[in-house]
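Enquirer: Just a sequence and a predicted model for now, questions to come.
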Amino acid sequence: MPGFIPNVSWKNDMLKSLGLSSIDELFSDIPEKIRIDKLNLPKGLSQQEVERELSFLADKNISCKKLLSFLGGGVKPHYIPAIVKSIISRSEFYTAYTPYQPEASQGFLQAMFEYQSMIAELTGMEVANASMYDAATSLGEAALMSTRITHEKCFLIPENISWERKSVLHNYVKGTGIEVKEIRYNRETGGIDLDDLKKNLDDTVSGVYLENPNFFGIIEEEIYEIQELIEDRKTLFVVGIDPISLGILKPPGEYNADIVIGEGRALGNPMDFGGSSLGIFACKKKYIRQMPGRIIGLTKDINGNRAFCMTLQTREQHIRRGKATSNICTNNGLNALAALVYITWLGSDGFYDISRRNFENGQKLMEILLDSGRFERIFTGIHFNEFVLRYKGDVSKFNTLLLEKGIHSGLPLEAYFPELKKTLLFGVTEVYGEDDFNRLYSAIMEVS
Amino acid sequence: MPGFIPNVSWKNDMLKSLGLSSIDELFSDIPEKIRIDKLNLPKGLSQQEVERELSFLADKNISCKKLLSFLGGGVKPHYIPAIVKSIISRSEFYTAYTPYQPEASQGFLQAMFEYQSMIAELTGMEVANASMYDAATSLGEAALMSTRITHEKCFLIPENISWERKSVLHNYVKGTGIEVKEIRYNRETGGIDLDDLKKNLDDTVSGVYLENPNFFGIIEEEIYEIQELIEDRKTLFVVGIDPISLGILKPPGEYNADIVIGEGRALGNPMDFGGSSLGIFACKKKYIRQMPGRIIGLTKDINGNRAFCMTLQTREQHIRRGKATSNICTNNGLNALAALVYITWLGSDGFYDISRRNFENGQKLMEILLDSGRFERIFTGIHFNEFVLRYKGDVSKFNTLLLEKGIHSGLPLEAYFPELKKTLLFGVTEVYGEDDFNRLYSAIMEVS
Amino acid sequence: MFRFARYNEPLIFELPSRETRERTPIPGIPRKIQRLKPISIPNIEEPRVARHFHHLSQMNYGVDTGIYPLGSCTMKYNPKICEEIARWEEFSCLHPHQDASTVQGILQMMYELEEMLVEITGMHAFTLQPAAGAHGELLGMLLTRAYHENNSDNNRKDVIIPDTAHGTNPASASIAGFNVIEIPSNKDGTVDVKLLKKSLSDKTACFMITNPNTLGIFEDNILEIAECVHDAGALLYYDGANMNAILGKARPGDMGFDIVHLNLHKTFSTPHGGGGPGSGPIGVNRELEEFLPIPRIIKEKNRYRFDYDKPKSIGKIKEFYGNISVLLKAYTYIKMMGYNGLRETSEIAVLNANYMKKKIVDSKRYELPYKQMRKHEFVLSCEKLKEEKNIRAADIAKRLLDYGLHAPTVYFPLIVKEALMIEPTETESKEDLDRYIDALIEIADEDVEKLKNAPYNTPIGRVDEVYATRNLILTWRDFKEEMSEK
Amino acid sequence: MFRFARYNEPLIFELPSRETRERTPIPGIPRKIQRLKPISIPNIEEPRVARHFHHLSQMNYGVDTGIYPLGSCTMKYNPKICEEIARWEEFSCLHPHQDASTVQGILQMMYELEEMLVEITGMHAFTLQPAAGAHGELLGMLLTRAYHENNSDNNRKDVIIPDTAHGTNPASASIAGFNVIEIPSNKDGTVDVKLLKKSLSDKTACFMITNPNTLGIFEDNILEIAECVHDAGALLYYDGANMNAILGKARPGDMGFDIVHLNLHKTFSTPHGGGGPGSGPIGVNRELEEFLPIPRIIKEKNRYRFDYDKPKSIGKIKEFYGNISVLLKAYTYIKMMGYNGLRETSEIAVLNANYMKKKIVDSKRYELPYKQMRKHEFVLSCEKLKEEKNIRAADIAKRLLDYGLHAPTVYFPLIVKEALMIEPTETESKEDLDRYIDALIEIADEDVEKLKNAPYNTPIGRVDEVYATRNLILTWRDFKEEMSEK
Ligand SMILES: Cc1ncc(COP(=O)(O)O)c(C=O)c1O
Ligand SMILES: Cc1ncc(COP(=O)(O)O)c(C=O)c1O
């Protein structure tokens, strides 16, 4: 069976033509003291063997196709149309790299231009880059960018963003002396506490970050009031979105966001245990030169034909080095391509339908849980496809019993928000059907 | 979500430009009496819905990845390298059709030329066609071809070919007055009964068909003796092969076969419940004009460059119509492509290894079954990767109990060969490992 | 401007191969029947194998490349979801002899697909066994004989076929042992009913037609045809290759057909695979059901199983139960379309064809012989272009390739001189139809010399097919010999 | 001769769209925050979507198209089996917060992958969290700070980096809040140890290098370097982008590195995805382990679980646990290669580079500045060609595309003028190396004008990158505006 290293068979010829008698001579510049003989790893396996081994590993996971999961927290199983998988499996796409030679990369370049355009339309922003690693790192970059633009060093965030995102943000800004301040959430609605925001919004603030819908699933109803608070300041308005919601919710561009970030995984990428992430990053055009990441521009070729290439590269690390707007190099391009195909496939109408279905399933799931009599609401705000409820019994026992029935319950929030005792963050998407809800309902009735 | 029929949205414009006011006018030529309003089928489903429905169906099958199957009878799970699946998923290949325009189909044409070449090398024959439907229909065509060449009408086959293949053969030759006569198998070795063959081999015989290895898995040891019997007659020697065996067994070309047919599914195609078949068909070059099916030839283009195209089309139905060598039109091209990629990937060495591993696993499996003490051998012949054993108890009970343990036993032969009481046809391939054999052994010990 | 990719891709045999290992005899097999000389195929590492086929693929035109209006072939878009589902291991990794309890899902699919096809065609029962249209035809002929033989009506040796028929029709009939009688079409391009009546006799086993026929014309005398065929004691066979024209609009069963084959790889959107695998299920009327191949799939108390107990069955036409993956794709497709989508399919397929037909005919470059009203396809003639400018159908076809457009079927059906047979299908957009129409018009006005040497934008230039027949180089071995002779 | 496919493929926004439905307000959401004006994206049926991306794909060069010797990027073949396995739903369809009992397989994979990387690099512990090399570097810098802060050594604000370093090195250091001090290389193209010693101080937090460096030269003073860096109380950081040169031959851990990042998308054969996703795991020495991101994966009695109880951890660098599908591919790859395959990988990667280097240098068209002995890559200079004929590195690069060969990295590292940075990798065959060598030689002798206007065989001609910067058209909306202004 074949390997992957053709010249093993031509080794001797090639050595001869180099005037060498052994491969070792090619490594003679490595000090003997650190040369090793052999890695302590097993011998290589054939493809058939490795596939078998991996299938044993696979059998030790229970995928969300078999496990009915109502976990919230941002990641959820969305429907991925076959065409997305088929196109990102085109090896012209996935075996390419950063389009340094635009003439040989028009396909990916045009696709990324289209991706940027789609994100701009979705978010209502003027420009978008060609992807970041994930939402959390996008948030970090947004904070850095806010300071580059305003030269201020206080960045406001809601206290109720995911702890993962918060931690990444802290790590991104730590070195630059930016202070991250947290704004309370409104204990009644679950949205932002406007008074607390007002209190903290002074001239040292580089940017205000809000999530809409937020980590508790709440749709921010006072978004225009917030806009007004920020509008006349030099402070930037940074909005974190769930792109799926933008089929039915006003896009941040309409409430004058300066920077929009978000997690794009849901656009055609699998949950992948939290991988396959896609950092969405969009902003006003006037800030483009402070934007992190790769940007594709439309241009022309030597014959005047339309063409695409990377542009504004002088912001980037390979040109600007230590003074670059970001250190990002390899980004998450293929995931962006998946998102492009996904959005294209849905089209404007399909996107609306999906978005609406997520909202409606979100309402339905809450109803069912409340109907069971075992839960109570704790926030009055409207929610999209995630929400928080308080369980009236022992949360951990409940979750375990449900799991035994092949159903994964929501994410317990108490560990992250001690005030939210016995609460669970539930999530749902367009993939759930009536039968799934019924199954959940019966299971709850049985276990509690 | 998108559909597949773009012009639904342009229907009215288009109708107008045709001077029509409704679609119905386009169907006014259909007599009213037979016009229907509506098919009694459900309304169409979205992709998401249909995928869900199909997944329910899928859950009602147990694939041979979950079920350890030792079923023989020709079809068995072989390892399919990922590269095969990746290449036959290239839509340039699978969404194309018969290469009527060679300039736009060089890719497939070259691949089919390579496939023919590979089959020629594997079988040791001079030429091969670009695929038939399956082995059974290839056998039917071989019988017809033998008569076209020899003008004789008696076709000899071993009595012990699969009943399915036999039935198809009968259906192929029935209309032409060809008589199919059966040669006994040797009750001791399981191979062909040479005496019976001699007895039947007279001047009216158009062709003698032999399988090697045969349906019982037996490798024909007296193949050269058989060759001698046929050689000086006008009778054609038709050999049915399992291509996997040809890595280690003499190819039919070396024992002077005139026509070689076989089932090529094992070459990179899935079991597919008996679909995904690939009829292999090869012969001596002198018979090429009597060959059924499509043939690709090497030629040149207008500038003298190497090129490929269909050739000898005058044999085919679209030119010769009622006098064509066969009625085949659509063949099994994509399965042939899979076979080509598979063989190419293995290479000469890999093919040998796979072939050998099949043989060795065939020996190992028999040993294990005999070791269990519950089986006895009934044939003395050497076998490849299938074989027949007699179970010492109640076959049907045994099979049921094994199935309950997630193991599929061999194929009971008694229904097809009444003399083979309580026998099972077992099969095994390169995908089985030590642990599989052990699991089988323990299961047998437990159930019997 | 469009241009094909071009790679000078060597034959796989011409690539550098690592040395083949020596073979040592394997214990347990007599040496004389062992293959000790290695097979002459190269040993190439995976990266180069991947590139080889990558390069070849890019030199191939498929439906995903662009419009592919091969008349009679229904080259429509193949939904990606069907491909994906057919690859699920719960379908693809099943042994044909698995215990019925372990294959209920696939049996259910087959059972329901048969039912769907029954409804779509108006027939009584279906078998999914045939591997392609022609294979279905052959089965149809076997059923025809079984039927007549069962009636001890053993003299029916003739099958009548119109001259517009596809080549597989006469070929299938004659392989099944029938005499083929071809009857010319009338001046409308349809069945000459008078002539048909004259040809029918107690020797007639069957009359085979497709409706709409290969000119795209609906045989509006079909009820009369059915009547006279049946009066003569013969069967009426429906070649379903053109079923895409009448889904949800009319059904062969209602027209009086006794046997129907469908091409799932045409009408039901399963891919053509570069030449297959296809699937050609056969539907029959009530009287013929007992002759269908075994096994039949039956449903008993919500369990499905194979039934082999059909003494009058003709037996088998394919080793197992059909090209399952193709069946799965068709099943998925039909479920997605539903009654509404299927009807829309034919409506737009017919609209598209008529739209193209009108625009092209209006351009006055091409003629449309026979009746004007067409269904899902139409056949132009370049006869005038040939006479006036020596432009032949093949030249038009080759030149279309330069535009990134696949050529129509050419020189078929035989009764149209210099035929261009165009079937756009419903999955093409108006924009693409317009582009095709414009190209056809433009080409007709182009310089003849330019056309004669076309195509230019393909990986290779116009292929010399005559050379291929004169110098039969059919394998790598042939080629090596040819080279060494030179 | 090679030629790219070319389609005049419109932007998706330029394709005919079916009309967008009107939006009706959704009950339950205040109107003012509802989106009632539809999003301005077209509605296109699937067939045209498929074709759009099909066309775009064919206008893109990948490793499966041909040799892709981008220096520093290790563009090696991506085994298809890794792609397949990463798509299995038991891996791809897992929620990051699923109960540990339901994800034992993936946790085991991650645990074992960390162990493998530990062995391969000789480090003490690994985290798989970073999404790419640069992301790993940033984490490395955070760990550096955490380490010094933990030692109350708060004055270490400098990170020293050689001038051959990749741009991400200084960028990462400075984003993490360090001052970057670049030191010039010595005349051999390696670290100027004297200068390094002079630059080191109690302000130095870290010295970042890659070994072999970006010239492909092994820093043979590495042990001395490590000693003096450690003597100064600083850490030594290994940019693992070039690890493909020394697998199974030497290990950064043994060289004295404290922090190492690997690029799984380079060394471990996971695809580059047209620009990602990648993966940049970080390995550290024993002292730094406690600062690694949470969660850590631990194994207790054959069960795996996440451990968040790491008070000194820097927290998180990515939302969850890394780019899992990339990790899976690397895991599969390492298992397939084993110790023997990994060693062979580097042996042949280095052999291939030296083979090309010698043949090209022997041709006398290009110079090889600095030390002659190289590892897996080498950097040529076209300085002489520029001076003599005004041929620039970019011209060579563009012209190579016409041969169906991807260009090397150009103008990097910055210390080589008119640099062509060539890294063939081990998955290229001698034949392909020879073709590349020949092309480079041929091109150097070609007419200058021809080179200046190259490429010709690509879908478009030479791209005007300056125009792009001057007229920032970054979205469809920009383009529409631009058009309407004209
Ligand atoms: C009218 C007609 N009948 C029959 C056939 C034969 O179908 P198949 O190619 O599937 O054997 C075809 C297609 O090629 C056809 O167009
Ligand atoms: C030497 C070197 N260091 C670091 C990097 C950054 O890695 P990544 O692109 O994965 O962020 C690269 C690759 O681009 C590189 O070549």
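Expert: It's in. Ligands and ions are numbered 1, 2, ... in the order given.
Enquirer: how far is stretch C:92-104 from where the chain is centred?
Expert: How far stretch C:92-104 lies from its chain's middle: 29 Å, per CA atoms, centre = their mean, to the nearest Å.
Enquirer: how long is that stretch end to end?
Expert: Taking CA to CA, to the nearest Å, the first and last residues of stretch C:92-104 lie 14 Å apart.
Enquirer: Provide a list of residues in contact with the closest residue to chain D within the stretch 51-200 of chain A.
Expert: Per CB to the nearest CB, A:G175 is where the stretch 51-200 of chain A lies closest to chain D, at 2.2 Å. Where you see a C-beta, it was placed from the backbone N, CA and C, and this is true even at glycine. Listed by CB atoms under 8 Å, 6 or more residues apart in numbering or on different chains, the contact partners of A:G175 are D:M141, D:L142, D:R145, D:I175, D:A176, D:G177, D:F178.
Enquirer: Phi, psi for it please.
Expert: The phi/psi pair for A:G175 (degrees, to the nearest 10) reads phi -70, psi -20.
Enquirer: Pull up the gap between it and B:G410, please.
Expert: Going from A:G175 to B:G410 by CB to CB, to the nearest Å gives 68 Å.
Enquirer: pLDDT score for residue 443?
Expert: Assuming you mean chain A. On the pLDDT scale, A:A443 is placed at 98.
Enquirer: wait, chain C
Expert: 98.
Enquirer: And C:L235, by the same measure?
Expert: Predicted confidence (pLDDT) for C:L235: 98.
Enquirer: so it bridges to which residues?
Expert: Beta-bridge partners recorded for C:L235 (DSSP bridges): C:C206.
Enquirer: how much space between it and ligand 1?
Expert: 17 Å (CB to the nearest ligand atom, to the nearest Å).
Enquirer: tell me the contacts of that residue?
Expert: C:T144, C:Y147, C:A205, C:C206, C:F207, C:V229, C:D258, C:I259, C:L288.
Enquirer: Check C:R392 too.
Expert: Counting by CB under 8 Å, 6+ apart, C:R392 has contacts C:C382, C:L385, C:K386, C:E418.
Enquirer: just checking, the second one touches C:A444?
Expert: Yes: using CB atoms under 8 Å as the test, C:L385 is close enough to C:A444 to be in contact (6.0 Å).
Enquirer: Overlap in contacts, these two.
Expert: With CB under 8 Å, 6+ apart as the test, C:L385 and C:A444 both reach C:R365, C:Y366, C:I391, C:I396.
Enquirer: In terms of helices and strands, where is the closest residue to chain B within the stretch 301-448 of chain A?
Expert: Nearest residue of the stretch 301-448 of chain A to chain B (CB to the nearest CB) works out as A:G350 at 4.3 Å. For A:G350, the host element (DSSP states H and E) is helix A:333-371.
Enquirer: do that helix and chain C meet?
Expert: No: Helix A:333-371 is not in contact with chain C by CB under 8 Å from any CB of the partner chain; minimum separation 9.7 Å.
Enquirer: How about that helix, which residues are buried there?
Expert: Using 16 or more other CB atoms under 10 Å in any protein chain shown as the test for burial, helix A:333-371 gives A:333-363, A:365-366, A:368-369.
Enquirer: Distance check, whichever residue of the stretch 251-400 of chain A sits closest to chain D against chain B.
Expert: Of all residues in the stretch 251-400 of chain A, the one sitting closest to chain D is A:G274 (2.6 Å; CB to the nearest CB). Going from A:G274 to chain B by CB to the nearest CB, to the nearest Å gives 23 Å.
Enquirer: what about residue 116, neighbour count?
Expert: All of this refers to chain A. By other CB atoms under 10 Å in any protein chain shown, the residues close to A:Q116 number 27.
Enquirer: think we crossed wires, I meant chain C
Expert: C:M116, neighbours per other CB under 10 Å, totals 21.
Enquirer: show me where the stretch 1-150 of chain A has strands.
Expert: A:68-69, A:127-128 (DSSP state E, counting those that start in this stretch).
Enquirer: roughly how far is the last one from the heart of the chain?
Expert: Mean C-alpha position of strand A:127-128 versus that of the full chain (CA atoms, centre = their mean) differs by 16 Å.
Enquirer: Likewise for the first one?
Expert: The gap between where strand A:68-69 is centred and where its chain is centred comes out at 21 Å by CA atoms, centre = their mean.
Enquirer: what packs against that strand?
Expert: strand A:407-408, helix A:434-447 (3 or more CB pairs under 8 Å, 6 or more residues apart in numbering or on different chains; DSSP states H and E).
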